[in-house]
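> Starting from these lines, generate the structure:
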Amino acid sequence: MTISHHSHSGQFCCHAKGTLAEVVGEAIRQGFTTFGLSEHVPRYSEEHLYPEESHLKVQDLMDTFEAYLVEAHRLKQLRADECALLVGLETEYIDAAGLDRLEQLLEKHSGTIEYLVGSVHHCDSAPIDFDKERYDACLASQPGSTQAERLEHLLCTYFDNQYKVLSRLQPEVVGHFDLCRLYYPDMDFRAHPEVWARIERNVEYAASYGALFEINASAFRKGWKTAYPGADIFDVRTSSG
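Numbers count the residues shown, from 1 in each chain. Next up, the predicted model:
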């Protein structure tokens, strides 16, 4: 049994490739028995668009997401005899207003959106996964008199934002748990007690309602020696029951 809960297509996501139908077809070719479709939820402010989306407006993202749901359910029916397709989305947490809008979207599409991948890609409204330049700019903007203090503040903010997603939405899948160390894969979270306490809190909370923690192989493409999450997060998860 081969299962994936996290995928994107170039048809509905600027950093992916292929149409959604092509992605589904490839998943079936590779033998997936269950395959989750999880395009990004729209963002609701033009200042939150990525550079690759500079030609788009917020309404474009909203229209694209609506079109994704239609196509995803078409494919779900069309390929039902070959693979169990799940129609979901990947969350964002940029600010509280965006999370409010996401809850409204979920209510609007109740029964259509079947599961959530709970992910965070921002800190203080700044993207931390697009490139190292933006990550470092976000890091430099954090309070603190030393680099270590600023880094700890960024990490604490990331995991606090993650907890807001977990506690408000209870996503079925926790996406790339430790994305906040994307450019520093050898970082030891245990060296930051305030950060480590938040990690333990988040893992224990997600485990308490039965969330899955994805093993995300995209980390290998970005220079990691392991998938997300790192071995230290696995240790916490396995000890939480």
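
> Enumerate every residue touching the most centrally placed residue in the chain.
Geometric centre of the chain, nearest residue: residue 119, 2.8 Å, by Cα atoms, centre = their mean. Shown in contact with residue 119 (Cβ atoms under 8 Å, 6 or more residues apart in numbering): 90, 91, 92, 165, 174, 175, 176, 179. Quick note: C-beta positions are derived from backbone N, CA and C, even for glycine.

> List the residues that contact the first one.
In other words, residue 90. With Cβ under 8 Å, 6+ apart, residue 90 has these contacts: 6, 8, 38, 39, 40, 41, 116, 117, 119, 175.

> 7 Å instead, please
Applying Cβ atoms under 7 Å, 6 or more residues apart in numbering to residue 90 gives the contacts 6, 38, 39, 40, 41, 117, 119, 175.

> picking that back up, do you know how far the residue nearest to the centre of the chain is from residue 112?
20 Å (Cβ to Cβ, to the nearest Å).

> again with residue 180
31 Å.

> higher neighbour count, the two?
residue 180 (26 against 12; other Cβ atoms under 10 Å).

> helix, strand or coil for the more buried one?
helix (DSSP: H, G, I helix; E, B strand; the rest coil).

> close enough to count as contact, it and residue 158?
Yes - Residue 180 lies in contact with residue 158 (Cβ atoms under 7 Å); the separation is 4.0 Å.

> overlap in contacts of these two?
Counting by Cβ under 7 Å, 6+ apart, nothing touches both residue 180 and residue 158.

> before we move on, back to that, are any of the contacts of residue 90 buried, and if so which?
Buried by 16 or more other Cβ atoms under 10 Å: 6, 38, 39, 40, 41, 117, 119, 175, out of the contacts of residue 90.

> what's the last one in contact with, if anything?
When contacts are counted by Cβ under 7 Å, 6+ apart, residue 175 is found next to 6, 90, 117, 118, 119, 214.

> So what's the residue count around the nearest residue to residue 128 once chain neighbours are set aside?
Nearest in space to residue 128, with sequence neighbours left out and distances taken as Cβ to Cβ, 6 or more residues apart in numbering, is residue 135 at 4.9 Å. Applying other Cβ under 10 Å, we find 21 residues neighbouring residue 135.

> which strands and helices sit next to the strand or helix carrying residue 135?
Per DSSP states H and E: residue 135 is located in helix 132-140. Packing partners of helix 132-140 (3 or more Cβ pairs under 7 Å, 6 or more residues apart in numbering; DSSP states H and E): strand 126-127, helix 147-169.

> So what touches whichever strand or helix holds residue 236?
Secondary-structure element containing residue 236, defined by DSSP H and E: helix 231-239. Residues from elsewhere that reach helix 231-239, judged by Cβ under 7 Å, 6+ apart: 177, 178, 189, 190, 199, 200, 203, 207, 213.

> Can you tell me the closest non-neighbouring residue to residue 98?
residue 44 (5.7 Å).

> got the contact list for the one you found?
Taking Cβ under 7 Å, 6+ apart as the test, what residue 44 contacts is 58, 98, 101.

> Residue 35 versus that one, what's the distance?
Residue 44 is 28 Å from residue 35, by Cβ to Cβ.
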